[in-house]
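Engineer: Here's my sequence, what's the structure:
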Amino acid sequence: MSARTHEEIQDDATFRRAVEAAIWGIPAVNFELMRGVLSPDATNRWLYWSGLLDWKNQLLTPNPDLVYYIGLFDLRETGPLVIEVPAATEKNALNGNVCNIWQTPLEDVGRFGADKGAGGKYLIVPPDYTGELPAEGYFVLRSLTQQNYALFRAVLSEGTQEAVDSGLDYCQQVRSYPLSEAANPPATDTEDLTGKLVDGIIPYDIRFFEALDRIIQAEEWLPRDQAMTEIVGAVGIKKGETFAPTEHTKAILERAVSEAHLWIRDTYENGFPPFYPGTQWFFPTSQEMRVAQESEYQDPGSYPWGNRAIPYHMAFIGLKHLGAGQFYLVDVKDSDGKLFDSAKTYRMRVPIDVPVTQYWSCAMYDADSHAFIRENVKYSVSSLTPGLTVNDDGTVDIYVGPKAMPGLEANFIETGKSQAFELMFRFYGTKPEIFDQSWKLNDAELIAG
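Structural biologist: A predicted model of the protein is given here:
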């Protein structure tokens, strides 16, 4: 006879299932929160910032060194949807991707995408669509979900406002419209979010499950997720029913999502091998996950949805061909293996000849939120940074700490109002030396504090 009561046993079961539901639901919740803050009252709209991003962009690990152009689409309203992409120019090119709500990439776009920089028309087709489609002239993308998004980045040639304006003008050549209106396309709906606070940080409380419920109500269950219907249903989320947990159940769910976050955070900080042996830099997902993403999880013997939670708790991105045009490494620890402390000062030396054809960037984020540190004014050091100090041997020293050193302001990122931070190194226009590791990124070393 168990010493626990029936109620305690059932509560424990609800807790366990809620932990797994939270881990499984991370990418869709990430999308739903982003959609809600970017364009809560409209779909089939493009959002942009008319300057480089500042701290009011509280999305997950945004890139502060280029121009963003984000499209949000609901195919229930449009049917098959056309996205027209301009050809790359000498000064401007897109690095982009189109994804469904699970942040599974349908295709990459731009110079390193299906159009190879020549531009073209991408056609997003709704699930189970049986109507006629054009025989040619389109890159056809079949989506498993009704809601989808496009995340386009205009890569800049230099770190000036003139380059930003040119990149934005280039992005505004992007058009989207229903295929049914292709003969006379309507104007593309856009909105400038400059100056607006957009907070898409994932809340690990009851709001997480409320966002998951909105996704479940809005979309059909995918065949690969049928087994999750019972697990998600056990926490009170059922398609066609109102999610209305009691205060007692809310407390269990909030404890569960907090536990899920704890597991994700621990795996993120300690669960991945170094990309370069002997360093702290890592890529925050597994090889199985990378293969699954590229194939849209077509292998019935592989569904790493637990590992999927790790990158999507700290980033908003879905690349079909990771490394073909851009690549990212993350660091949360110094050269001694200790978590970064915002009260201390660190130096990282970037070796010469970074293997990129576009640019490189090292950005800093709040380790707790994975967003820009609030009220900061500088978020990265890159090969485009105006006034960057370069050492005599061609290396570049990047400093991170509470107060910039005189004369090194261009190379310094201040930690501001944070307790801990993380670094992300971006390679745009990747070269083979990154992956054969004949070029190696150095660790950040503690120099003061």
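Engineer: Only C-alpha atoms from now on, for both contacts and neighbour counts.
Structural biologist: OK.
Engineer: I'd say K91 and E162 touch.
Structural biologist: No - taking contacts as Cα atoms under 8 Å, K91 lies outside contact range of E162: 11.2 Å.
Engineer: ok, residues contacting the helix or strand of the chain with the lowest mean pLDDT?
Structural biologist: The helix or strand of the chain with the poorest confidence is helix 287-294; it has a mean of 92 (mean pLDDT, DSSP states H and E). For helix 287-294, the surrounding residues in contact (Cα atoms under 8 Å, 6 or more residues apart in numbering) are 104-105, 298-299, 302-304, 307-308, 319-322.
Engineer: which residues sit in contact with A371?
Structural biologist: 57-62, 201, 365.
Engineer: Can you flag which of those residues belong to helices?
Structural biologist: Of the contacts of A371, none are assigned to helices by DSSP state H.
Engineer: Relative to D393, which of these is nearest.
Structural biologist: Set against D393, the nearest of these by Cα to Cα is Y365 (28.8 Å).
Engineer: Let me see the contact set for that closest one.
Structural biologist: 61, 371-373, 379, 421-423.
Engineer: closest to I413 among the residues you listed?
Structural biologist: Taking the contacts of Y365 together and measuring to I413 by Cα to Cα, the closest member is Y379, at 6.2 Å.
Engineer: Which parts of the stretch 251-400 of the chain are strands?
Structural biologist: Here the stretch 251-400 of the chain has its strands, by DSSP state E, counting those that start in this stretch, at 326-331, 345-350, 356-366, 380-382, 396-401.
Engineer: For the ones you listed, give me JSON lines that also has mean pLDDT and distance to E433.
Structural biologist: Shown next, in JSON lines, are the strands of the stretch 251-400 of the chain (pLDDT from 0 to 100; distance: least, Cα to Cα, whole Å):
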{"stretch": "strand 326-331", "mean pLDDT": "96", "distance to E433": "12"}
{"stretch": "strand 345-350", "mean pLDDT": "98", "distance to E433": "14"}
{"stretch": "strand 356-366", "mean pLDDT": "97", "distance to E433": "9"}
{"stretch": "strand 380-382", "mean pLDDT": "98", "distance to E433": "19"}
{"stretch": "strand 396-401", "mean pLDDT": "98", "distance to E433": "18"}
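Engineer: which residues touch stretch 255-273?
Structural biologist: Here stretch 255-273 has contacts from 15-16, 18-20, 22-23, 204-205, 208, 282-286, 309-310, 313, 332, using Cα under 8 Å, 6+ apart.
Engineer: how about low-confidence regions in this structure?
Structural biologist: For the chain, the stretches with pLDDT under 70 are 1.
Engineer: any idea which helix is longest in it?
Structural biologist: The chain, longest helix under DSSP H: helix 6-38.
Engineer: And that helix, what does it pack against?
Structural biologist: Here helix 6-38 touches strand 198-199, helix 206-218, helix 228-233, helix 247-270, helix 305-312, going by 3 or more Cα pairs under 8 Å, 6 or more residues apart in numbering; DSSP states H and E.
Engineer: Flag every buried residue along the fourth one.
Structural biologist: Pointing back at helix 247-270 there. 249-250, 252-261, 264-265, 268-269 (16 or more other Cα atoms under 10 Å).
Engineer: Over to the second one?
Structural biologist: When burial is assessed from 16+ other Cα under 10 Å, helix 206-218 yields the following buried residues: 206, 208-209, 211-217.
Engineer: hmm, back to that, pull the most distant pair out of the buried residues of helix 247-270.
Structural biologist: T249 and E269 (30.2 Å).
Engineer: Double-check that Y428 belongs to a helix.
Structural biologist: No - counting by DSSP: H, G, I helix; E, B strand; the rest coil, Y428 is not found in a helix; it is strand.
Engineer: Quickly list what it is bridged to.
Structural biologist: When assigned by DSSP bridges, Y428 has beta-bridge partners Q326, Y359.
Engineer: how many other residues sit next to it?
Structural biologist: Residues near Y428, counting by other Cα atoms under 10 Å, number 21.
Engineer: Helix, strand or coil: sort out L423 for me.
Structural biologist: Each residue gets one of three states, and L423 gets strand by three-state DSSP.
Engineer: Name the nearest residue to it, sequence neighbours excluded.
Structural biologist: Leaving aside its chain neighbours, L423 sits nearest to M364 (4.7 Å; criterion: Cα to Cα, 6 or more residues apart in numbering).
Engineer: now A183: how far from Y177?
Structural biologist: As for A183, its distance to Y177 is 10 Å (criterion: Cα to Cα, to the nearest Å).
Engineer: So which of those two has more stuff around it?
Structural biologist: Y177 (22 against 7).
Engineer: other SSEs contacting the strand or helix carrying that one?
Structural biologist: Counting by DSSP states H and E, the element that carries Y177 is strand 175-178. Applying 3+ Cα pairs under 8 Å, 6+ apart, one finds that strand 175-178 contacts strand 81-85.
Engineer: what pairs with the helix or strand following the strand it packs on, and is each one parallel or antiparallel?
Structural biologist: For strand 81-85, the following helix or strand on the C-terminal side (DSSP H and E) is strand 93-100. The strands beside strand 93-100 in its sheet (DSSP bridges) come out as strand 105-110 (antiparallel), strand 147-155 (antiparallel).
Engineer: distance between strand 93-100 and the chain's centre?
Structural biologist: How far strand 93-100 lies from its chain's middle: 12 Å, per Cα atoms, centre = their mean, to the nearest Å.
Engineer: Let's see that strand as PDB, backbone CA atoms only.
Structural biologist: The C-alpha coordinates for strand 93-100 follow below in PDB (Å, rounded to 0.1, in the frame of the first residue of the first chain):
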ATOM      1  CA  ALA A  93      21.900  40.300 -50.300                       C
ATOM      2  CA  LEU A  94      19.300  38.400 -48.300                       C
ATOM      3  CA  ASN A  95      20.100  35.600 -45.900                       C
ATOM      4  CA  GLY A  96      16.700  34.200 -45.000                       C
ATOM      5  CA  ASN A  97      14.400  31.300 -44.300                       C
ATOM      6  CA  VAL A  98      10.800  30.300 -44.300                       C
ATOM      7  CA  CYS A  99       9.500  28.200 -41.400                       C
ATOM      8  CA  ASN A 100       6.300  26.700 -39.900                       C
END
